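**Student:** this one's structure only:
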């Protein structure tokens, strides 16, 4: 005699402690097993792209800060890159070094936040505080330079808005040193913990061909074994001057996605040290090219993309020659990763779904715009 | 054996959290203790007053209004009998200000600044809609670098015939009290950003000073009426 | 030295109470009934204070592990924070779902609360400081701690909420599964005591420190470790706190409770944690034995608080196990291990290799 079972549909609704931002997941459960996951988005749509159509290019930068606020420097930068490519502006070298330092610091801050939040979702509460303690160091550096802690409006078209104060470089080196030391704490707490391994090893495997087919990028793609990084494959800024590795992981499970981001923090620390050394040797102190405040790029369209901590952050700008862009389309890596979520959640338990979703590091504002 | 390795790692994990028990906490007890704010920190917008006369530096050029990406600033002026601008209204809606600092950068007259103050919570939305007087009052003790005087010194040093400093009786200027008075009808137009290099910049079309969020839109979607 | 600890010993208090009652002219059986009743009320009061203290201590320990302070506002370092929280919970509305199963919903928190406290009548707080020295002491403890299963099932059922029911059933399954290794790991030192009375267990560990059961290799440490693991699962603490995990879909058996009823579940959890620590200290760490410059109850409290600190460290260090991994761990790993440990201990006793 077989027991009659029924599948029931449950809403892991927009308000939930473990959906990062407002994401609604419609789960079809058979007992404890997840049979189908359907993400429903749109709860954080703020019409950013439409707003940008009515703002001048310099005004779009603070608006796009809020597009993906965890890595706001990247959002500033990608739009500036697009505008510079449209208007053929050459950025001074000091500005490029400063941009690289800020972008990599932002990447580390984002990955530290990921570390804390993922650990919290899987049940370890303490790494959250440890990750955020180090992130405070980075945010303090940002506050010292541009005045804000989360949405910076720092990287402008043609350069950066302000030069770093003299106390930045020693404090940055100190922060890099401290984070490098604390990495052993983070790894000792979780990497070989049997409970952590039981919760994350072998869960939510994403095969490399699936990852490529669904357009996944960033650490999730590299954790599946595909060695693709826009800083190498489509270099922008002065990344070709720095010496850093692109880590990849073999399996593509949850554990590998977690390890991948910790490895990337190490690589970013290397880049920052090299950039700080390069900055010291510069004589020219210009930090911004001469760009008029009524910036009017020639008519045309450009797609600029960079390697964000979540994947490929791209902005497609169509200009009609006026001081406001005709169309700004922004895309972030989280959208594709959310699309690939059902692929990884085949016949897992609800607790595993939470773990997989945590390691995808999806930021909903990037998905919904 | 795998079990012994697991056990060793579990105990090592306890060691990592346990050693923090001996360390001092790094948080501070707000509001009894406050953190030191860096001087570049972008807090609320304040209007700056002249250090000697105490009057507002603002000349109602509306550059900040046009630079603001969210439309938080509303500036209105009247012309007096000598066709000089008198500032009649300077409203700042703190509920939509995004603290980007574009207004401060666009101002040529050291009229407004994002001070490092940040403690202005209210229980009522109207408490966050600030007018000229509140902005001036909050900004009274905010230190600032008066760039108007620097520009005046620069223009005095130039040998080429720039408009010489006119005698004071020709221009009764209620707002201007700096050494170099500005010519009456010169539209400020494009100005220098404070951190630009010293080389002079070729000014752009002076009538196209920035963008006005409240009008001149592709689609008229941000037309603001009052403070709704 | 002895004078100091004699001064602080509490058992003269009990005999004084007994004499006081006798002098009022009460006869047996009322005399003993009232005497034990008074002692139980005192013990209850003490435990309520301990529970409040433990809530505060957990928050401070959690804070300092995370390099922050924890409660700081109410009193020096927030010592009466829990009192304020209790007052707040008293003021909360007691939300009752319309379709609840009324008697079950009402009695669930009471059963949980009572079960948590009933264990302590046999707990040896110090030399001669035990309310009732039953000769089946440890068996009584095991039996009473199983009452919490009933209360969880009642809470889950009475809430009329399928997620609460699921949470309650998972929790009940977890507690019942971990009863087996807990009982087996308790039995291992009991083999050497030849008595189930808690006082006898403590007395058999008197003398030098190597008499404590944890130092009796090789079965002592293994028994202690399995006991602590099983005890953590019994008390629904991380890494076994699936029933209370907020990050999961199913929020647990107490999701529909609010106000004082919720406070009862909450306090019962802390009292359960103290029970596990107290039993661990009694069986493995020598109970109230210690150097004589401190009174015995201070030794007992100190050792128990150290074990409680260990349990709190577990909570704030380790991630959470998934529910099926939890059950696999109990049945496929802990039960065979504790059986093997018991057999080895039995062998040692038979061969006389113990002291």
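**Tutor:** That came in fine, so what should we check first? Predicted model, so just to flag it, every value in this text is computed and none were measured.

**Student:** make it CA atoms for all contacts and neighbour counts henceforth
**Tutor:** Fine.

**Student:** Can you tell me, leaving aside adjacent residues, what's nearest to the most centrally placed residue in chain A?
**Tutor:** Nearest to the geometric centre of chain A sits residue A:309, at 2.9 Å (CA atoms, centre = their mean). Nearest in space to residue A:309, with sequence neighbours left out and distances taken as CA to CA, 6 or more residues apart in numbering or on different chains, is residue A:107 at 5.4 Å.

**Student:** For residue 86, the count of nearby residues, please.
**Tutor:** Because you didn't say which chain, this covers chain A. Using other CA atoms under 10 Å in any protein chain shown, residue A:86 has 21 other residues around it.

**Student:** try again with chain C
**Tutor:** Neighbourhood size, residue C:86 [other CA under 10 Å]: 15.

**Student:** Could I get the contacting residues of residue C:312?
**Tutor:** C:58, C:61-62 (CA atoms under 8 Å, 6 or more residues apart in numbering or on different chains).

**Student:** will you turn the residues you listed into JSON lines that also has secondary structure and neighbour count?
**Tutor:** Shown next, in JSON lines, are the contacts of residue C:312 (DSSP: H, G, I helix; E, B strand; the rest coil; neighbours: other CA atoms under 10 Å in any protein chain shown):
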{"residue": "C:58", "secondary structure": "helix", "neighbour count": "20"}
{"residue": "C:61", "secondary structure": "helix", "neighbour count": "21"}
{"residue": "C:62", "secondary structure": "helix", "neighbour count": "23"}
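
**Student:** how about JSON lines for these, with distance to residue A:236 added?
**Tutor:** Shown next, in JSON lines, are the contacts of residue C:312 (distance: CA to CA, whole Å):
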{"residue": "C:58", "distance to residue A:236": "50"}
{"residue": "C:61", "distance to residue A:236": "48"}
{"residue": "C:62", "distance to residue A:236": "45"}
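
**Student:** quick check, nearest of these to residue A:189?
**Tutor:** Nearest to residue A:189 out of the contacts of residue C:312 is residue C:62 (CA to CA; 15.8 Å).

**Student:** from what I can see that closest one touches residue C:55, true?
**Tutor:** No - here residue C:62 does not reach residue C:55: they are 10.6 Å apart, not a contact under CA atoms under 8 Å.

**Student:** Surely the residue nearest to residue A:309 is in contact with residue A:310?
**Tutor:** No - contact criterion CA under 8 Å: residue A:107 and residue A:310 do not qualify, at 9.0 Å.

**Student:** so what pLDDT did residue C:306 get?
**Tutor:** We have a pLDDT of 94 for residue C:306.

**Student:** Quickly note the distance from the residue nearest to the centre of chain A to chain C.
**Tutor:** Distance, residue A:309 to chain C, using CA to the nearest CA, to the nearest Å: 24 Å.

**Student:** which residues does that residue contact?
**Tutor:** If you count contacts by CA under 8 Å, 6+ apart, residue A:309 has them with A:71, A:107, A:110-111, A:218-219.

**Student:** Run through the strands of the stretch 51-200 of chain A in chain order.
**Tutor:** Applying DSSP state E, counting those that start in this stretch to the stretch 51-200 of chain A gives strands spanning A:155-156, A:159-160.

**Student:** Reduced to three states, what does residue C:200 come out as?
**Tutor:** helix (DSSP: H, G, I helix; E, B strand; the rest coil).

**Student:** Could you list which residues are in contact with the nearest residue to it once chain neighbours are set aside?
**Tutor:** Nearest residue to residue C:200, sequence neighbours excluded (CA to CA, 6+ apart): residue C:193, at 7.2 Å. By CA under 8 Å, 6+ apart, the contact set of residue C:193 is C:200-201, C:204.

**Student:** Top of those by number of neighbours, please.
**Tutor:** Using other CA under 10 Å as the neighbour test, the contacts of residue C:193 are led by residue C:201, with 25 neighbours.
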